[in-house]
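Quick one, structure for this:
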Amino acid sequence: MLFKLYSLSLLFLVASFSSFSQYDPDYSDEDKEDLKGLPLKERLYTGGNFWANFGTFTNVEISPLLGYRITSDYSVGIGLKYNYFSDRRFSPALTSSIYGGSVFTRYRFLDKLVAHAEFEMLNISNFNSISSSGRAWIPVGLVGGGYASNGFQVLALYDLIDDPNNPYVGTFGGGSRIYLRIGFLFNL
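Below you'll find the predicted structure:
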């Protein structure tokens, strides 16, 4: 599993430098100009994360985002999340969807390093309820940072809330509250 994560990360990194090098919507040396006179569309960027794992445990995540640059180094935004999973170790297979939204803020420092904070509300299946059709809203508060360049970003985020129903599995196993996110950003 860890090998797949590293292989996928390397693939995204190579693709970002070769095919997305013209993009650097959030963090470019050329973006040091004053943004006050720019129209709304030129301050917006989009992107997000995509993850897919198929097999006995299938997990597909799509997380688009829309950001707004307040200054050349500081931006805020919103995101959506949809996650489908199926675990065929059970009979019948355990399947569910997670959906929700988030708000985030990020600040660039030391050229390509990023500080990031995000609050998510996720709607998950409540398997602890008498009826498996019950759902619950779960808060997730993430802080951390990472690297952003050429439209590519890698973030390591720590969950401050640690809700026991949090559906995420940490990067370092079930008890970990650290999550790795890899994604892309594009100007609109």
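
My guess is residue 148 contacts residue 114. True?
Yes: Residue 148 lies in contact with residue 114 (C-beta atoms under 8 Å); the separation is 4.8 Å. Any C-beta I mention is one placed from the backbone N, CA and C, and that applies to glycine too.

So for the two, which residue has more residues nearby?
More crowded of residue 148 and residue 114, by other C-beta atoms under 10 Å: residue 148, with 25 against 22.

Which SSE is immediately downstream of the host helix or strand of the more buried one?
For residue 148, the host element (DSSP states H and E) is strand 135-149. Sequence-wise, the next helix or strand downstream of strand 135-149 (DSSP H and E) is strand 152-159.

so what does that following strand touch, helix or strand wise?
helix 2-19, strand 113-125, strand 135-149, strand 178-187 (3 or more C-beta pairs under 8 Å, 6 or more residues apart in numbering; DSSP states H and E).

partners of that strand in the sheet?
When pairs are called by DSSP bridges, strand 152-159 turns out to pair with strand 135-149 (antiparallel), strand 178-187 (antiparallel).

returning to what we had before: tilt between the strand holding residue 148 and strand 113-125?
Orientation check (axes from the mean of the first three to the mean of the last three C-alpha atoms, to 10 degrees): strand 135-149 against strand 113-125 gives 160 degrees.

which residues sit against stretch 89-108?
Stretch 89-108 is touched from outside by 26-27, 56-57, 65, 67, 72-87, 114-125, 137, 148, 167, with contacts defined as C-beta atoms under 8 Å, 6 or more residues apart in numbering.

which of the residues you listed are buried?
Neighbour counting by 16 or more other C-beta atoms under 10 Å classes 26-27, 65, 67, 72, 75, 77, 79, 81, 83, 85-86, 114, 116-120, 122-125, 148, 167 among the contacts of stretch 89-108 as buried.

lowest average confidence, helix or strand, in this structure?
helix 2-19 (a mean of 40; mean pLDDT, DSSP states H and E).
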